[in-house]
Structure formats: structure tokens, C-alpha cells
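[1] curious how this folds, go ahead:
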Amino acid sequence: MNLKSFDIVIVGAGPAGGHCARILAKSGHKVLLAEQNDNFNKNDFSSAATPLETLSKFNLPESVIGSFWQKLTIETSKVSQSWESPESLGVVLNFAKFRAFLASEAERFGGEVWLGCRYTGHSQAKGETTVEFKQLSDGQIITVSTKVLVDATGFARAIMYEKENDKPDFLSGTGIEYLIEVEPEVYNKYRGDLIFFLGDKWMPKGYSWIFPMEPNRLKVGAGRVFLDPKTVRPLSPLKKYIDLLIDEYLKSKNYKIIDKHGSTLKYSPGLKDIYCKNNIIAIGDTVSTVNFLGGEGIRHGMDGAQIAGKYIQSYLEGKISDFRDYETEMHRKFDKKWNISERLAVRKYIDDVNDELTDKMISYLKYMKTEDVMDILFYYKFEKISRGLGGYLLRKIKGWIKQFHL
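    All right, here's what the predicted structure looks like:
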């Protein structure tokens, strides 16, 4: 039986998988991008806020933008601080349109995109890798062959690990987000404003958010972090905190829920994921490219996909025989800042930094310039936190740094 053959089969059409397919198809390789959902609206799970440079760096069109934002606000249980710019600082992407765009780009450059196809397994024999999919519409099994197999299945890590017990320990997070339609006066008050909420009032063991989208639409979400579900003390459902934001903060009386979506994050402390195995390579959240402190993953997953794409091309051209250097480069790129973010996340979300200290930190940040706050929140330049801070808080932060050997 002659199987349909590809140079690269990518399983998972998230930001990393879609961008990797786009890059490799543009380079002239025969690419298959397979996604288990039959349309991109069914997996529209990301809050998708990102700095403005993401558009130019990854050549993204205006059609994938939900809104621009030029203001950052952080709300704690008792403190509110905002930083603003006369020009746009970033965008909130329409995640479904964004992923659909990446897939369409892969097709435009000659790749194939299969929606509604679930990966069910692979095998290797005589130097050939066969990959099996189940077509969800009719249950048909489809098998293809490939030279390189890419695991872009995110937290499922479906390809890199044959058994659940083979996986490393994870820090986990779960989040729920509503897309709501609100009154024009409510939308106009918060349009252009990226709002984060910290503290026990708004979201114990995590954080919540309100992001602007298309006219009269807002994203309202909440997420929490835990080490092991069995050890987490009983907490109220995430829905309670989303309702609190809508009722008490937005004060919207006649809002309409357009969509509800959620996602799970599993992050490997110390980045101990398997990056490659023979001709299989993992990208995106499969190798913990999401920043665990803020949960931002889109541009980091795409960054990692570009690195992977470079090594995949070299492998196909016979210049390298394995992907070990890919793992080395990924660690060089992410290790240091992700390690600090991970430790701060554990301190804030799991060890429960008290509200008083959170309030003090945000109060002191008001003396910082907007560009410095952007550097901390989106570029993880934590050394800037010490600027302008006094006495008690600075000693506390230095204590954390000493404790965590940052």
C-alpha cells in the first residue's frame, strides 16, 4: 500500500504548530498540518494579549486583531495603578482568526491542512515514520508517512510520551474566559485598557483579567495555579470571580455571553520536557514555552517554532542527523528568565504572598515609566522592579531573590 508522504507532519495547529507549518511550507517543503478540531472557533482558548512588536516580528495582518491597547492597569484588593501611552502598546488577537490565518498561510505556500483529524499513534520501521489519524467526521483511519514528525499538541504532549507516567512533574494552571457583549458606555470606558487583577478579592491562587476586543465586546477571565490538585485547599469556582468582575467592576447590567472557553496549562519546572527523539521534535507548550508567571505563550511558542524550523530544514538537507542542538538553543533562550518567572509564580500563586505585600508592590510600581512596566510584564526584566522602591518592599524582594538564588 502506497502511503501519502510528507517531509514534515505537524500535529496541532496552535500558534507554534501553525507558524512552524507556515515557515516550512514557504521554504518549499511538503508539509501536513493536522488539527483535531474541525474549525478554529472550537479551540478559541487564548486571552491573546501581546506587545505591538508581535505583529511586525511575525508578519501578522490587521485582520487577526481584536483590538489595540495603549493602557495597562493592575488592580489588587485595595490598590489600582495604571500606565498609559499616547500610542498603541499592543494588541489583543482574535485567537480563532489568528490560527486560521497561520493555517491558510501554510496552504498558500503549498502545505496541506487537515481539520477534524485526531492523532492516534505513530510507528517507525526501516527508516520510515508512519503517522495515524482518525477522521472525526466518519471515524475513518488515515495513515501517512513522514521524514519529520512535530509534536505541537500543547499540554497533552501526545506524541513525545507514550505513557502518562513517563511525563515529568508539572506545575499546572487552569483558566476560564468569557467573551461578553456589553453596553457601549461600559465598552467605551475600558476600550484600549489591558486590566489584570491580583489578590484574594479578585482571584486567590492566581489572577484574573479584562481585555478589550471588537466594539462592545470584552474578554473576562480568571485562572489559578496549583502543584497537585489533591493538595489544593477548597476554592470557589472560577465562575464566581468572573461574575464578580462583570457585576462589581464593569457594573454591566445587560451583558450577553457570546462564548465561554477554557484551557489547561502544564509547565515543566526547570524545563525538563523531552525536546526531541530520533526524527521527532516538540514545539510550543509541549516544551513549556509559555511563561508561567503571566501565562503568555503565543509569541514564545512562535519564537520556538522558528528555532525548530531552522533545525528541521538542516535535518532534511542532511546537514545534521538529530535535533540535540535544537534542545540546547531552546534552553539557552528560555532557561534563565523562565526559571525566575517560575519561582516568582510559585511564591505568588502557590505559597500565597499576602495581599498586603501585593498591594505594596503595585503601589510602588506607580513611580515607574510605562516602558519599564512593559519591560517587566512582557519582557521579564525583573531587575527593573528595584528602581524607585523603598525600605520594606525592597528588602522583601531581595529576600525572595536570595531565597530562590535568582
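
[2] give me the contacts around the longest helix belonging to the chain.
    Longest helix in the chain by number of residues, with DSSP state H as the criterion: helix 324-345. The contact list for helix 324-345, computed with CB atoms under 8 Å, 6 or more residues apart in numbering, reads 171, 225, 267, 269-271, 275-276, 281, 287-289, 291-294, 300, 303-304, 307-308, 311, 380, 382, 400, 404, 406. All C-beta atoms are positioned from the backbone trio N, CA, C, and that covers glycine.

[3] quick one, what contacts the residue nearest the centre of the chain?
    By CA atoms, centre = their mean, the chain has its centre lying nearest to G297, at 2.5 Å. Residues near G297 by CB under 8 Å, 6+ apart: 15, 46, 265, 284-285, 289-291.

[4] narrow those to those in helices?
    P15.

[5] closest to P204 among the contacts of G297?
    Checking those against P204 by CB to CB gives L265 as the nearest, at 17.6 Å.

[6] just to revisit the earlier point, and the contacts of helix 324-345, which are buried?
    171, 225, 267, 269, 271, 275-276, 281, 287-289, 291-294, 300, 303-304, 307-308, 311, 380, 382 (16 or more other CB atoms under 10 Å).

[7] where does this protein have low pLDDT?
    1-2, 127, 227-234, 352-353, 386-406 (pLDDT under 70).

[8] re earlier: quick one: the residue nearest to the centre of the chain from K348, how far?
    Distance, G297 to K348, using CB to CB, to the nearest Å: 18 Å.

[9] CA atoms only: put the longest helix of the chain into PDB for me.
    Output of helix 324-345 as PDB, limited to C-alpha atoms (Å, rounded to 0.1, in the frame of the first residue of the first chain):
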ATOM      1  CA  ARG A 324      20.100  17.800  20.000                       C
ATOM      2  CA  ASP A 325      21.300  21.300  19.100                       C
ATOM      3  CA  TYR A 326      17.700  22.500  19.000                       C
ATOM      4  CA  GLU A 327      17.300  21.500  22.600                       C
ATOM      5  CA  THR A 328      20.500  23.300  23.500                       C
ATOM      6  CA  GLU A 329      19.400  26.500  21.800                       C
ATOM      7  CA  MET A 330      15.900  26.400  23.400                       C
ATOM      8  CA  HIS A 331      17.400  26.100  26.800                       C
ATOM      9  CA  ARG A 332      19.800  28.900  26.100                       C
ATOM     10  CA  LYS A 333      16.900  31.100  25.000                       C
ATOM     11  CA  PHE A 334      14.400  30.300  27.800                       C
ATOM     12  CA  ASP A 335      16.200  28.900  30.900                       C
ATOM     13  CA  LYS A 336      17.200  32.000  32.800                       C
ATOM     14  CA  LYS A 337      14.100  34.100  32.600                       C
ATOM     15  CA  TRP A 338      11.700  31.200  32.800                       C
ATOM     16  CA  ASN A 339      13.400  30.000  35.900                       C
ATOM     17  CA  ILE A 340      12.900  33.300  37.600                       C
ATOM     18  CA  SER A 341       9.300  33.600  36.400                       C
ATOM     19  CA  GLU A 342       8.600  30.000  37.600                       C
ATOM     20  CA  ARG A 343       9.900  30.700  41.100                       C
ATOM     21  CA  LEU A 344       8.100  34.000  41.400                       C
ATOM     22  CA  ALA A 345       4.900  32.300  40.200                       C
END
